[in-house]
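Asker: Sequence and predicted structure, then a few things I'm wondering about:
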Amino acid sequence: MTITAEMVKNLREKTGAGMMDCKKALTEAEGDFDKAVELLRKKGLAAAEKKAGRQASEGIIASYIHMDKIGVLVEVNCETDFVARTDDFKQFVKDVAMHIAAASPRYVKREDIPEEVINKEKEIYREQIKGKPEHVIDKIVEGKLEKFYSEVCLLDQVFVKDPEQKKTIKELLTELIAKLGENIVIRRFVRFQLGEES
């Protein structure tokens with residue numbers, strides 16, 4: 001199958017990947033557009049994982065105020081000042097700040113949750129379903145914990161602006177890492193809501 005410049009252009013617009021990567025993916029997928037997108041996503045994920053260990057000490061701190069009632073400050077780091085000044089990076093940070101205001105996460109990632117909080121959740125879930133066989137209880141508790149993570153961890157939450165309500169913040173972050181070619185880390189955030197107890 002002949003890979004046309006138009007096909008490469010369309011794939012590039014959809015994925016943000018480089019011209020040669022798009023051509024290679026289309027060739028490998030024998031012109032199948034969806035398969036090429038999948039191949040690029042897999043390569044992007046692999047590339048993002050390789051970059052994860054690299055030092056990210058540049059970046060920006062962004063704020064978002066919603067109707068003078070909710071305020072968010074978020075710090076997102078990258079490897080270079082060059083990337084921190086790109087429109088893609090700035091838009092991502094802005095989107096994350098707005099998402100935090102809307103979705104009210106309590107932690108950036110699962111690893112940030114104190115052990116006692118997780119243990120307390122497990123205890124509550126076990127209490128709710130006691131009387132079932134132990135192996136069944138363990139499976140149900142794991143499922144409920146996953147749901148808990150998707151509610152309280154920023155990276156596990158579905159991005160509020162995703163029209164299909166499928167893409168998580170972590171997937172959004174991975175795509176940006178693949179696109180910009182640098183390690184990017186959501187370092188920390190704080191969210192204030194008018195009148196809430198501290």
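Answerer: Received the coordinates, thanks.

Asker: which intervals of the protein have sub-threshold pLDDT?
Answerer: Applying pLDDT under 70 to the chain flags the ranges 1, 15-18, 44-55, 198.

Asker: Please name the residues that touch the residue nearest the centre of the chain.
Answerer: Nearest to the geometric centre of the chain sits K170, at 1.7 Å (Cα atoms, centre = their mean). Shown in contact with K170 (Cβ atoms under 8 Å, 6 or more residues apart in numbering): L155, D156. Every C-beta, even on glycine, is put in place using the N, C-alpha and C of the backbone.

Asker: Tell me how far it lies from I140.
Answerer: Plainly put, K170 is 24 Å away from I140 if you go by Cβ to Cβ, to the nearest Å.

Asker: go on, F159?
Answerer: For F159 relative to I140 (Cβ to Cβ), the value is 27 Å.

Asker: ok, now E164?
Answerer: Between E164 and I140 the computed distance is 28 Å (Cβ to Cβ).

Asker: now swap in A25 and tell me
Answerer: A25 is 40 Å from I140, by Cβ to Cβ.

Asker: Give me the helices and strands touching the helix or strand hosting I60, please.
Answerer: Assigned by DSSP states H and E, I60 belongs to strand 58-66. Using 3 or more Cβ pairs under 8 Å, 6 or more residues apart in numbering; DSSP states H and E, the elements in contact with strand 58-66 are strand 70-78, helix 81-84, helix 87-103.

Asker: What segments of this protein are helices?
Answerer: Counting by DSSP state H, the chain has helices at residues 5-15, 19-28, 33-51, 81-84, 87-103, 115-128, 134-152, 169-180.

Asker: I'd like to know which of these lies nearest to F189.
Answerer: The closest of these to F189 is helix 87-103. By Cβ to Cβ, the value is 5.4 Å.

Asker: Looking only at neighbour counts, state which of E164 and I140 leads.
Answerer: Just comparing E164 and I140: by other Cβ atoms under 10 Å the higher neighbour count belongs to I140, 15 against 7.

Asker: so what strands line up beside the strand holding I60?
Answerer: Within its sheet, strand 58-66 is paired with strand 70-78 (antiparallel), according to DSSP bridges.

Asker: Run the chain-centre distance for the strand it pairs with.
Answerer: Chain-centre distance of strand 70-78: 14 Å, with Cα atoms, centre = their mean, to the nearest Å.

Asker: So which bits of it are buried?
Answerer: I70, G71, V72, V74, E75, V76, N77, C78 (16 or more other Cβ atoms under 10 Å).

Asker: Look up how far E151 lies from L26.
Answerer: As judged by Cβ to Cβ, L26 and E151 stand 39 Å apart.

Asker: and Q193, what are its bridge partners?
Answerer: Q193 has these beta-bridge partners by DSSP bridges: I70.

Asker: How much space separates it from I65?
Answerer: The value you get for Q193 to I65, if Cβ to Cβ is used, is 11 Å.
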